[in-house]
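1. let me see the structure of the following:
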Amino acid sequence: MYRAVTRQIVVTVEPNFLPERSSVDRGQYFWSYTIVITNTGAETVQLRTRHWIITDATGRKQEVRGEGVVGEQPVLAPGERFEYTSGVPLPTASGFMTGRYQMVSESGERFEIDVPTFSLDSPDNKRVLN
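-> Below is the predicted model:
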């Protein structure tokens, strides 16, 4: 599990390779990832937007920006958490993702929180040590 904390908001990520949605022969690899966002602070916040940077094993980057996550813009009061699962395809057997969420506090302040960088590794990924 991967974890980041920004302004008392904890973001954890658990990636999971999905062999049933992947095809080594066609160079298609698919992962799900479950994210839990927990507000450990004293102020209610809302997730407004997301920004992902997805990097495959060849170093090719793809950026994804959008409103909310999985069609929602969750509001988290102090002590509340929001959990969702999404997925990502890659043309390589490994890669990594990193990102940020734009939040807004109940007082109207906009700020960004980090999503921890997390690794996407398939069992087909052969590691070579030099």
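2. just to be sure, residue 20 is in a helix?
-> Yes: under DSSP: H, G, I helix; E, B strand; the rest coil, residue 20 sits within a helix.
3. okay, and residue 15 sits in which element?
-> strand 9-17 (DSSP states H and E).
4. give the pairing partners of that strand; include direction for each.
-> Sheet pairing for strand 9-17, assigned by DSSP bridges, gives strand 2-6 (antiparallel), strand 29-39 (antiparallel).
5. give me the mean pLDDT for the last one.
-> Mean pLDDT, taken over the full extent of strand 29-39, equals 98.
6. re the thing from before, how about the strand holding residue 15: buried residues?
-> 9, 10, 11, 12, 13, 15, 17 (16 or more other Cβ atoms under 10 Å). For glycine as for every other residue, the C-beta is placed from the backbone atoms N, C-alpha and C.
7. from residue 110, how far off is residue 45?
-> Using Cβ to Cβ, to the nearest Å, residue 45 is found at 10 Å from residue 110.
8. next: residue 116.
-> 21 Å.
9. of the two, which one has the most company?
-> residue 116 (16 against 10; other Cβ atoms under 10 Å).
10. wait, what's in contact with the more buried one?
-> When contacts are counted by Cβ atoms under 8 Å, 6 or more residues apart in numbering, residue 116 touches 2, 3, 4, 11, 12, 13, 98.
11. so it is in which element?
-> Applying DSSP H and E, one finds residue 116 within strand 110-121.
12. quick one: mean pLDDT for the strand holding residue 15?
-> Average pLDDT, strand 9-17: 98.
13. now that strand - C-alpha only, CSV.
-> Extracted C-alpha coordinates of strand 9-17, given in CSV (Å, rounded to 0.1, in the frame of the first residue of the first chain):
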residue,chain,number,x,y,z
ILE,A,9,-5.9,14.5,4.3
VAL,A,10,-4.6,10.9,4.0
VAL,A,11,-4.6,9.3,0.6
THR,A,12,-3.8,5.5,0.3
VAL,A,13,-3.5,3.5,-2.9
GLU,A,14,-3.6,-0.3,-3.4
PRO,A,15,-2.9,-1.3,-7.0
ASN,A,16,-3.8,-4.7,-8.3
PHE,A,17,-2.8,-6.4,-11.6
